[in-house]
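Student: just need the structure, nothing else, for what follows:
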Amino acid sequence: MEQEKKAGNVESVTLEQVPMEERKSWADVAMIQAGIMICVPSLMLGGILAESMPMSQAIWSGVIGYAVIVALMIFCGIMGSDLGVPTCVVASGVFGKQGSSKLISALFMISMIGWFAVQNGVCGSAFSNLIETGTGVKIPIPLSTVVWGVIMLVTAVYGINALDKLNKIAIPALVIVTVIGCVAAIQRFGTGNLSMVIEDPSMSFADGVVLTISFMATGALNAPDFTRYQRTRKDTVLSSAIGVMPAGMAMLILGAVMTRIAQQYDISLVFSEIGLSFLGMVVLILATWTTNTTNAYSAGLNAVMVFNLKESGRSVATVVLGAIGTVLAAVGVAGNFEGFLTLLGNAFMPIIALFIVEYWILGKGKAESFTLREGWSVAGIVTWALGFATTFLTVGISFINGMLVSGILYLIWRLVKKGEK
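Tutor: Okay, the predicted model is just below:
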């Protein structure tokens, strides 16, 4: 594969295999993974669990859910590090190049830019509110949204190196500031509500596990976008486990604790309530920035596949898609996307099952056994569609139903037609 080409430090390796000399340490990629986990939705997850079940169950359901996600990320991530290519290229081995680019990559692209819009909208609104609370100056929400959308987009355009630098600065700062906020909130509100008994739990322990897994389905599937920069499988295991689990659980527990003691899962708004609006802005901006940059970055990768662009076209595609997401956020449309994005998340779990069957069962986990198929792979598309349809059944756990149906049918199909290319 050709060597990485750069123009002013803008990453231009997109679908080609990442050269070994351009790959990074596990700690660098772990920082990027941690940055993805540290966001307002991660706090929201903890808040939902804390409101729906006893505190101990909320935390343990998160532990189990994130453990499953880490395992799935490792399986998918090793495919990325072995092959050196992003998820949209890995998908060609299951769906064929046309099936991957015109169907699967299009879904990935829509999902990522949709999440970019949602998080950008949250950031713009909260930033304007925090500024008004702290200074009395009213900044129009659309203006705030556009400004922060552009800032986040610049980092995404520069690619993996910019993500690496951003997270090395942002993650330590976030840890320090959130610890300060948590201590201040406990001093202000006390800890009495932490032991509050939930008389009528609205969610079972199993439901909490499922919610946690569903929350990170897209992250597990998109793991190769970042693990393609890992040198070894060991690096991938370390970056996935150490990058995701501690940060994810820290955010979940923080969201749960804040919900119980302050009746508010968002630590940035808790800061505002206790008179520390500036620190609230720091948390809000850094947490959204580290996550949203990766959303736009992955959207750009998939756009290259969807529109058959040149390798150097990723940065332009990222700008265009990010601009679309920013406009959607600024006009308030993004708030209506969340149900649709949840639907896309359910569509992604069967794809993970197909990846595992193709690479780890049929290919015995060997990169040399992995084939990038041409055209449309009927086996992949049909079994995925059947698995996705199964997620709508009311019996059992939706995404598990989808994964089992897709994985088993695909395995049978491929064994029966071993010569299919």
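Student: low pLDDT regions in the protein?
Tutor: 1-13, 196-197, 199, 334-342, 394, 396, 419-421 (pLDDT under 70).
Student: run the last query once more with 50
Tutor: 1-7, 421 (pLDDT under 50).
Student: who touches stretch 175-183?
Tutor: 250, 254, 257-258, 267, 270-271, 274, 276, 279-280, 282-283, 286 (C-beta atoms under 8 Å, 6 or more residues apart in numbering). For every residue, glycine as well, the C-beta is placed using N, CA and C.
Student: quick one: buried residues of that stretch?
Tutor: For stretch 175-183, burial by neighbour count (16 or more other C-beta atoms under 10 Å) applies to Val177, Thr178, Gly181, Cys182.
Student: now the closest residue to Glu132 other than its chain neighbours, what are its backbone angles?
Tutor: Of all residues not flanking Glu132 in the chain, Lys138 sits nearest, at 5.1 Å (C-beta to C-beta, 6 or more residues apart in numbering). Reported as degrees, to the nearest 10, the phi and psi values for Lys138 are phi -100, psi 110.
Student: also Tyr265?
Tutor: According to degrees, to the nearest 10, Tyr265 has phi -80, psi -30.
Student: that older thread, and the buried residues of stretch 175-183, which two are the farthest apart?
Tutor: Val177 and Cys182 (9.7 Å; C-beta to C-beta).
Student: could you dump the contacts of stretch 175-183 to a markdown table with secondary structure?
Tutor: Output for these, formatted as a markdown table (DSSP: H, G, I helix; E, B strand; the rest coil):
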| residue | secondary structure |
| --- | --- |
| Ala250 | helix |
| Leu254 | helix |
| Val257 | helix |
| Met258 | helix |
| Ile267 | helix |
| Val270 | helix |
| Phe271 | helix |
| Ile274 | coil |
| Leu276 | coil |
| Leu279 | helix |
| Gly280 | helix |
| Val282 | helix |
| Val283 | helix |
| Leu286 | helix |
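Student: now do the helices in the stretch 201-350 of the chain.
Tutor: For the stretch 201-350 of the chain, the helices defined by DSSP state H, counting those that start in this stretch occupy 205-215, 217-221, 224-227, 233-262, 267-273, 277-306, 314-330, 338-356.
Student: of all the ones you listed, which lies closest to Val29?
Tutor: Going by C-beta to C-beta, the one of the helices of the stretch 201-350 of the chain nearest Val29 is helix 233-262, 4.0 Å.
Student: list the buried residues of the closest one.
Tutor: Buried-residue list, helix 233-262, by 16+ other C-beta under 10 Å: 235-245, 247-262.
Student: so how far is that helix off the chain centroid?
Tutor: Relative to the chain's own centre, helix 233-262 is displaced by 13 Å; criterion: C-alpha atoms, centre = their mean, to the nearest Å.
Student: quick one, the helix or strand hosting Met73 and helix 205-215 angle?
Tutor: For Met73, the host element (DSSP states H and E) is helix 55-83. Orientation check (axes from the mean of the first three to the mean of the last three C-alpha atoms, to 10 degrees): helix 55-83 against helix 205-215 gives 30 degrees.
Student: tell me the first helix or strand C-terminal of helix 55-83.
Tutor: Defined by DSSP H and E, the subsequent element after helix 55-83 is helix 87-90.
Student: chain center to that following helix, what's the gap?
Tutor: Using C-alpha atoms, centre = their mean, the offset of helix 87-90 from its chain centre is 16 Å.
Student: which residues touch that helix?
Tutor: Counting by C-beta under 8 Å, 6+ apart, 15, 76, 79-80, 83, 100-101, 104-105, 108, 221-225, 298, 301-302, 304-305, 355, 372 sit against helix 87-90.
Student: filter those residues down to the buried ones, ChimeraX style.
Tutor: A single ChimeraX command selects the buried members of those (16+ other C-beta under 10 Å):
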select :15,76,79,80,83,100,101,104,105,108,221,222,223,224,225,298,301,302,304,305,355
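Student: coming back round to it: between the contacts of stretch 175-183, which is nearest Pro350?
Tutor: Once C-beta to C-beta is applied, the member of those that ends up nearest Pro350 is Ala250, at 30.1 Å.
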